[in-house]
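> here's my sequence, what's the structure:
(one chain, ligands or ions: 1)
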Amino acid sequence: MCGIVGYIGSRQAQDVLISGLARLEYRGYDSAGVAVADGGQVVVKKKAGKLANLSGELEQQPLPGTLGIGHTRWATHGLPNDTNAHPHTTEDGRLVIIHNGIIENYLSLKAGLIERGHTFQSETDSEVLAHLIEEAYAGDLEAAVRAALAQVRGAYGIVVTHVDHREIVAARTVSPLVMGVGEGEMFLASDVPALLPYTRDMVFLHDGDMVVLHDDGYRITDLQGNPQERPIDRIDWDAEAAEKGGYDSYMLKEIYEQPAALTNTLMGRLHDDTGEVNLDISLDPTAFKRISVIACGTAYYAGLVGEYLIEQLARIPVEVDVASEYRYRNPLVSEHTLAIVVSQSGETIDTLEALREAKKGGAKTLGIINAKGSSMTRELDDTLYIHAGPEIGVASTKAYTSMVGAFVLLALWLGRARGTLTDAQAQELLRATRELPRLVEEALNPARVAEIKRVAEKYAQARDYLFLGRGVNAPTAFEGALKLKEISYIHAEAYAAGEMKHGPIALIDANLPVVVVATESHLLEKTISNVQEVRARSGKVIALLSDGDTENAAHADDVLYVPRAHEMVSPVVNAVALQLLAYFTATYLGKDVDKPRNLAKSVTVE
Ligand code: F6R
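Take a look at the predicted model:
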């Protein structure tokens, strides 16, 4: 995450930057910083912690100037301290940058820059950008930024200024950037709400766009310098709609954020060339004999996918527990146990207490966590952050798919380290994993979404639902049922498909919609047999099938096609369709999806 703001015009830049950053603090609050240009100098002020720390100081000692850039940080590389806060500058302080994203190849770039005489102040990946631009600078800032970005691999929203130029140069790849167009002034930000007090005319920059801002206009090109045309959109959202990015709810916004969230989860961690995964954790992958995964709710279902993946790919025995049970069942823990806690908030009391229980027994501990600095992260030996960004909707969506993405990474990492995956297998899985953001984007294409809406509305009056899935997608069925019940209040049961005939089959009649996750898998034939059993009892089958599977479509009443994915990563792609099914059912029934009754986002009481 991270939030960025830029301003050039006739107002005091500091005021615009601070008010913009205040509206972007949801994107991170590990530190905040601004750089303001005044005549022949650029002055930087930055502080660890919330924006209030910085704005308090600036109130006492304002920075005069009408051109500036500002940043609020969600730390990825380097501690959340003053030095690692943005903006970053070159040694002579004449060039300043802010960055949102992750530079994947920063270590090799940094080594080269140090060899060529550059000195680094921070531990961040971002600082390499300042030095690369400086190295390429020969009087033309735009050209220097272009040359620097050509060397960079990763995600960035970058904003740059230089004492010798009254201009701001910005560019984006993956990370968002929107430009505000004013009268004799121009703005930049990571998100619309930051700019709404100043202008409603916005240009949404596309991936690979570069823009140069002057007081009275702007010029957009691609990264090679070819001119690009982008429309100016008039934004008429009110403040609340703006926070939801124009979506009707945070939940829907977060469903659509999944390609970006997954990109952030995977970013910098996959090395296709070597088939290696880099998780930046100190855990010794050979120092334990068994794994206990502990979590609640949706995070627990992510853990069930994790169990399947780790056992398949790394051949380590895994058990998964609901945290509220684990902590009271006197679990068998030893120094040969790795306890993995999974949590979006990092605050769920049952999971936190279960973590303490595991530590008491001598387990090594690893967290798969979203919220930086949360209580669990302070007690864990190691944390694998999912970097999904803030999740506000009570029903978890993007955190779930990113948690599953993190388990894919972990299973690969363990498999490589313990020698259970060959180079070829690892490379194939790495490629499949890299595809995930694109496949999820494809799962969200308007035609698919419209079909899910149609099916949701067709069955919205059902009193009960049944969800079935097998293997790595059994948890997909569990999670689909949980989403439906928590936001639509329709009762939903979920079973591993093979278990149906041992009881739940008695529920089936002509009024029962049965969602069957039947995407490409080595168990597909068996799943289709279960579909036949439902049909034979007049149940209504809603089948999730892989694109192109027309043969099995004949067995279903309704089909939701999803993009084809490698079986091991398919739970990520399949979950999206079931989130939307729940979402459209609930909104059709007039429910408040962001605040379902009786629920809280973070459960900090037992
Ligand atoms: C369901 C949901 C909850 C949470 C559970 C754990 O959509 O959001 O089931 O998954 O309360 O929360 P975290 O992940 O914050 O520990």
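> residues of the protein that sit close to the ligand?
Residues of the chain lying near the ligand by CB under 6 Å from any ligand atom: 296-299, 343-345, 348, 351, 395-396, 482, 486, 602-603. Where C-beta positions appear, they are placed from N, C-alpha and C, glycine not excepted.
> and these, which of them are in helices?
When the residues of the chain next to the ligand are checked against helices (DSSP state H), the matches are Gly297, Thr298, Ala299, Thr351, Leu482, Glu486.
> which SS class is Ala147?
Here Ala147 takes the helix state, with states given by DSSP: H, G, I helix; E, B strand; the rest coil.
> just to revisit the earlier point, got a winner among the ones in helices among the residues of the chain next to the ligand for most neighbours?
With neighbours defined as other CB atoms under 10 Å, the most crowded of those is Thr351; it has 30 neighbours.
> skipping adjacent residues, who's closest to that residue in space?
Nearest non-adjacent residue to Thr351, counting by CB to CB, 6 or more residues apart in numbering: Ala323, 4.3 Å away.
> the one you found contacts Val342, correct?
No - here Ala323 lies out of contact with Val342, judged by CB atoms under 8 Å, at a distance of 9.3 Å.
> more crowded one of these two?
Val342 (34 against 27).
> give the full set of residues in contact with Tyr7.
Ala13, Val16, Leu17, Gly20, Thr66, Leu67, Gly68, Ile69, Glu185, Met186, Phe187, Leu188 (CB atoms under 8 Å, 6 or more residues apart in numbering).
> please read the previous query as pertaining to Ala462.
Ala462 is in contact with Ile490, Asn511, Leu512, Pro513, counting by CB under 8 Å, 6+ apart.
> hey, where'd the helices end up in the stretch 451-600 of the chain?
474-488, 524-536, 550-553, 570-588 (DSSP state H, counting those that start in this stretch).
> what's the helix or strand for the residue nearest the centre of the chain?
Taking CA atoms, centre = their mean, the centroid of the chain lies closest to Ala261, which sits 1.9 Å from it. Ala261 belongs to helix 258-266 when assigned by DSSP states H and E.
> for the residue nearest to Thr351, give me phi and psi.
phi -60, psi -40 (degrees, to the nearest 10).
> pLDDT wise, what is it at?
Note for Ala323: predicted pLDDT of 97.
> re earlier: now what about the helix holding Ala261, what contacts it?
Here helix 258-266 has contacts from 1, 102, 155, 174, 176, 386-389, 397-399, 401-402, 405-406, 409, 433-434, 436-438, 440-441, 444, 572, 576, using CB under 8 Å, 6+ apart.
> repeat the analysis, applying 6 Å as the threshold.
With contact meaning CB atoms under 6 Å, 6 or more residues apart in numbering, helix 258-266 is reached by 174, 386-388, 398, 401-402, 405-406, 436-437, 440-441.
> and the furthest pair within those?
Ala406 and Glu441 (19.1 Å; CB to CB).
> out of these two, which sits in the busier spot?
Using other CB under 10 Å as the criterion, Ala406 and Glu441 rank with Ala406 on top: 27 against 17.
> and Ile102, how far from Ile542?
Ile102 sits 38 Å away from Ile542, going by CB to CB, to the nearest Å.
> could you do Ala295 as well?
From Ala295 to Ile542 the distance is 28 Å (CB to CB).
> who's more crowded, the two?
Neighbour count, other CB under 10 Å: between Ala295 and Ile542, Ala295 has more, with 28 against 24.
> OK, contacts around the more buried one?
Ala295 neighbours (CB under 6 Å, 6+ apart): Gly303, Val342, Thr351.
> for the residues you listed, which one is nearest Glu257?
Using CB to CB, the contacts of Ala295 come closest to Glu257 at Val342, 19.5 Å.
> please name the bridge partners of that closest one.
Ile368 (DSSP bridges).
> domain-wise, how is this structure divided?
3-243, 247-434, 442-599 (automatic domain parsing).
> now the longest one: how far from the chain's centre is it?
Chain-centre distance of domain 3-243: 21 Å, with CA atoms, centre = their mean, to the nearest Å.
> average pLDDT across that domain?
Here the average pLDDT along domain 3-243 is 93.
> number the residues from 53 up from this point.
In the new count, where the first residue is 53, that last one comes out as domain 55-295.
> nearest spatial neighbour of the residue of the chain found nearest the ligand, skipping sequence neighbours?
Evaluated by CB to the nearest ligand atom, the chain has Gly349 as its residue closest to the ligand, separated by 1.9 Å. Nearest residue to Gly349 in three dimensions, chain neighbours excluded: Leu534, at 6.9 Å (CB to CB, 6+ apart).
> again with Ile421
Using CB to CB, 6+ apart, the closest residue to Ile421 is Gly398 (4.6 Å).
> for the ones in helices among the residues of the chain next to the ligand, which two are the farthest from each other?
Longest span within these, CB to CB: Thr403 and Glu538, 18.0 Å.
> point out where the stretch 553-658 of the chain drops to low pLDDT.
Flagging of the stretch 553-658 of the chain using pLDDT under 70 yields the residue ranges 653-654, 656-658.
> hmm, 90 instead?
By pLDDT under 90, the weakly predicted segments of the stretch 553-658 of the chain are 553, 646-658.
> over to the stretch 403-552 of the chain?
When residues are selected by pLDDT under 90, those of the stretch 403-552 of the chain lie in 423-427, 430, 441-446, 474-476.
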